[in-house]
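Chemist: Return atomic coordinates for the entry below.
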Amino acid sequence: MPSLFSERISEASFMLSVSLDGDEVDILVDTKFLGITPVYSGKDPNIDIVAVPGLGSHAFGTWKGDSHEMWLRDFLPKEPVLKDRLRVLIFGYDSALQKNSSTNSFGDYARNMLCVLNVFRSHEKERNRPLIFVCHCLGGILVKTVSSTRSKSAPRKSSLISTRYCAMQLMALMEIERYSSLVLGYSFSVYQTRVLIMQTCVVGEKLEQHA
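Modeler: All right, here's what the predicted structure looks like:
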């Protein structure tokens, strides 16, 4: 990675001035991919895939290996029956274990995800598309929470999110007991992260009771 980027990789975003055809152009560099970021769109998309990372994970880095290739962007669209039909989105949120200054609760993350999905899928054609969630670890419980939540400010729109998705692919989703063990056994640097996982345990237990 060029030092120009590595020196500022800890920042969520920063402005970079470059020279383009003799003109100075400012480019916004996003390092955390917070919120919704499109990574692929076919010619005539009618399916939305939303990838949600887990605890302490990077929204983009979760779905790639050691190389620059990211399977949701570089490999999945190569399937002949999918390449023109897919739009692939990633959802990023601040769930870092270390150096976490966030005061957001688990409910805040769920409400934020619901809000940005509604905004991003605001056109009628987009709202009618099926949603396929690909979730890793904590991301699975987050999506389960979103799918059962109705926004108080816009119940009609939020219901489209909770009823239109057609599938959830859960990867490395730990059992509720494992989350409890994680809270007790992990050495956290910030109290807020411990609170976040405890909230996850409570939310997960409620979802299991209503399953």
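Chemist: Which parts of this structure are strands?
Modeler: Residue ranges of the strands in the chain, as given by DSSP state E, are 13-20, 23-30, 35-41, 47-52, 86-92, 131-136, 165-171.
Chemist: out of those strands, nearest to D74?
Modeler: Judged by Cβ to Cβ, the one of those that comes nearest to D74 is strand 35-41, at 8.5 Å. Glycine gets a C-beta too; all of them are placed from N, C-alpha and C.
Chemist: helices or strands next to that closest one in the packing?
Modeler: When contacts are defined as 3 or more Cβ pairs under 8 Å, 6 or more residues apart in numbering; DSSP states H and E, strand 35-41 packs onto helix 71-74, strand 86-92, helix 106-120.
Chemist: and with 6 Å instead?
Modeler: Strand 35-41 is packed against strand 86-92, helix 106-120, with contacts defined by 3 or more Cβ pairs under 6 Å, 6 or more residues apart in numbering; DSSP states H and E.
Chemist: Comparing the ones you listed, which comes out most buried?
Modeler: Stretch with highest mean neighbour count among the helices and strands packed on strand 35-41: strand 86-92 (a mean of 23; mean count of other Cβ atoms under 10 Å).
Chemist: Can you list the neighbours in contact with that one?
Modeler: Around strand 86-92, the neighbours that count as contacts under Cβ atoms under 6 Å, 6 or more residues apart in numbering are 32-34, 36-42, 45, 47-52, 59, 72, 77, 113.
Chemist: Please apply the same query to stretch 45-60.
Modeler: Contacts of stretch 45-60 from elsewhere in the structure, counted by Cβ under 6 Å, 6+ apart, are 33, 62-63, 72, 85-92, 95-97, 129-139, 143.
Chemist: Can you flag the buried ones in the residues you listed?
Modeler: Among those, those scoring as buried are 33, 62-63, 72, 86-92, 95-97, 129, 131-139, 143 (criterion: 16 or more other Cβ atoms under 10 Å).
Chemist: Mind giving me the PyMOL select for the contacts of strand 86-92, buried ones only?
Modeler: Selection command for PyMOL covering only the buried members of those, criterion 16+ other Cβ under 10 Å:
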select buried, resi 32+33+34+36+37+39+40+45+47+48+49+50+51+52+59+72+77+113
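Chemist: I'd like the strands of the chain as JSON lines, with distance to V119 and mean pLDDT appended.
Modeler: Written out in JSON lines, the entries for the strands of the chain read as follows (distance: least, Cβ to Cβ, whole Å; pLDDT from 0 to 100):
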{"stretch": "strand 13-20", "distance to V119": "19", "mean pLDDT": "72"}
{"stretch": "strand 23-30", "distance to V119": "17", "mean pLDDT": "77"}
{"stretch": "strand 35-41", "distance to V119": "8", "mean pLDDT": "91"}
{"stretch": "strand 47-52", "distance to V119": "13", "mean pLDDT": "91"}
{"stretch": "strand 86-92", "distance to V119": "12", "mean pLDDT": "92"}
{"stretch": "strand 131-136", "distance to V119": "15", "mean pLDDT": "86"}
{"stretch": "strand 165-171", "distance to V119": "17", "mean pLDDT": "63"}
